[in-house]
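[1] Predicted model, plus sequence, below.
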Amino acid sequence: MINKIAASVAEALADVRDGATVLIGGFGTAGIPGELIDGLIAQGARDLTVVNNNAGNGDTGLAALLATGRVRKIICSFPRQADSHVFDGLYRAGRIELELVPQGNLAERLRAAGAGIGAFFTPTGFGTELARRPDGSPKETRRIDGRDHVLEYPIHGDVALIRAERGDRWGNLTYRQAARNFGPVMAMAARCTVASVHEVLELGQLDPEAVVTPGIFVRRVVRVPRVATAAGGFRSVG
């Protein structure tokens, strides 16, 4: 019987290895899998390469992971925001590497990994410093239909940590509004996808037409309950 439900966050993340490339969903604070990030901090893996839309906010979530000193490199689109002081301090001190990727390229490089595409040409970044590899060498370019393009390669992940809304024991997932963001493409691009969900439904309760990420792309699902707040909304608890 296929059952991808993990008993706890710790169980779901127990085999993340040192040196892993970890894809972490979220757009700013929308859709950040906070409980999974906290679990990764507790798990202790080191020398990580993290892929995310940004480089953390404030002192929690991704910023807290960076603060542990266990992230060697981050690949993202928006590393500096008003509250990205953790990343800023690490970068200025030479304690973390940065690969800056335009947001559209980031999404497409992830999608290419999941789709089995070897590389693709895009006009984004041509003629800028982004048309160079991390080591400073120029990327391959080509003129297509009179417009210059840069060759970009897929971003493959060893692990993807994503936040969904509902799931079942086969790993089928649905998302809530903007929390969806990079989750679907990251799930496809990783060897092992771990998804947190707020509801675990019985097989057949998810409308097949509403499933965004099929279970074939998901290795583990862990339930993260919600509790009501004094303001009348909801928040996640570990």
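    Nice, thanks for sending it over.
[2] residues in contact with the longest helix along the chain?
    Longest helix in the chain, counting residues (DSSP state H): helix 103-115. The set of residues external to helix 103-115 that reach it, using Cβ atoms under 8 Å, 6 or more residues apart in numbering, is 23, 51, 53, 75-78, 101, 117-120, 122, 124-125, 152-157, 182, 185-189, 217. (Glycine included, C-beta is placed from N, CA and C.)
[3] Buried by neighbour count: which residues of that helix qualify?
    105-114 (16 or more other Cβ atoms under 10 Å).
[4] Reformat the residues you listed as TSV; add pLDDT.
    Compiled in TSV, the buried residues of helix 103-115 are given as follows (pLDDT from 0 to 100):
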residue	pLDDT
105	96
106	96
107	96
108	97
109	98
110	97
111	97
112	97
113	97
114	96
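[5] For residue 190, name its beta-bridge partners.
    Counting by DSSP bridges, residue 190 forms beta bridges with residue 157.
[6] Let me see the contact set for it.
    Shown in contact with residue 190 (Cβ under 8 Å, 6+ apart): 23, 156-160.
[7] buried subset of these?
    With neighbours counted by 16+ other Cβ under 10 Å, these contain buried members at 23, 156-160.
[8] any idea which of these is closest to residue 63?
    Residue 63 has its nearest neighbour among the buried ones among the contacts of residue 190 in residue 23, at 17.2 Å by Cβ to Cβ.
[9] surely that closest one meets residue 191?
    No - using Cβ atoms under 8 Å, residue 23 makes no contact with residue 191, being 10.3 Å away.
[10] Need the overlap of contacts for these two.
    Taking Cβ under 8 Å, 6+ apart as the contact rule, residue 23 and residue 191 both touch 157, 159.
[11] helix, strand or coil for the nearest residue to residue 217 once chain neighbours are set aside?
    With sequence-adjacent residues excluded and distances taken as Cβ to Cβ, 6 or more residues apart in numbering, residue 217 is closest to residue 187, at 4.4 Å. Secondary structure, DSSP: H, G, I helix; E, B strand; the rest coil: residue 187 is helix.
[12] In this structure residue 187 contacts residue 180, no?
    No - Residue 187 lies out of contact with residue 180 (Cβ under 8 Å); the separation is 10.8 Å.
[13] neighbour-wise, which of those two wins?
    The neighbour comparison of residue 187 against residue 180 (other Cβ atoms under 10 Å) goes to residue 187, with 29 against 21.
[14] per-residue pLDDT, that one?
    Residue 187 is assigned a predicted lDDT (pLDDT) of 97.
[15] list the contacts for it?
    With contact set as Cβ under 8 Å, 6+ apart, residue 187 has these partners: 114, 160, 162, 173, 193, 195, 213, 217-218.
[16] Recalculate using a threshold of 7 Å.
    Residue 187 is in contact with 160, 162, 193, 213, 217-218, counting by Cβ atoms under 7 Å, 6 or more residues apart in numbering.
[17] quick one: the longest helix of the chain to chain centroid distance?
    Taking the mean of its C-alpha atoms, helix 103-115 sits 12 Å from the chain's own mean (Cα atoms, centre = their mean, to the nearest Å).
[18] likewise stretch 213-227?
    Here the centre of stretch 213-227 is set off from its chain's centre by 14 Å, with Cα atoms, centre = their mean.
[19] Closest to residue 69 out of the buried residues of helix 103-115?
    Of the buried residues of helix 103-115, the one sitting nearest to residue 69 (Cβ to Cβ) turns out to be residue 106, at 24.3 Å.
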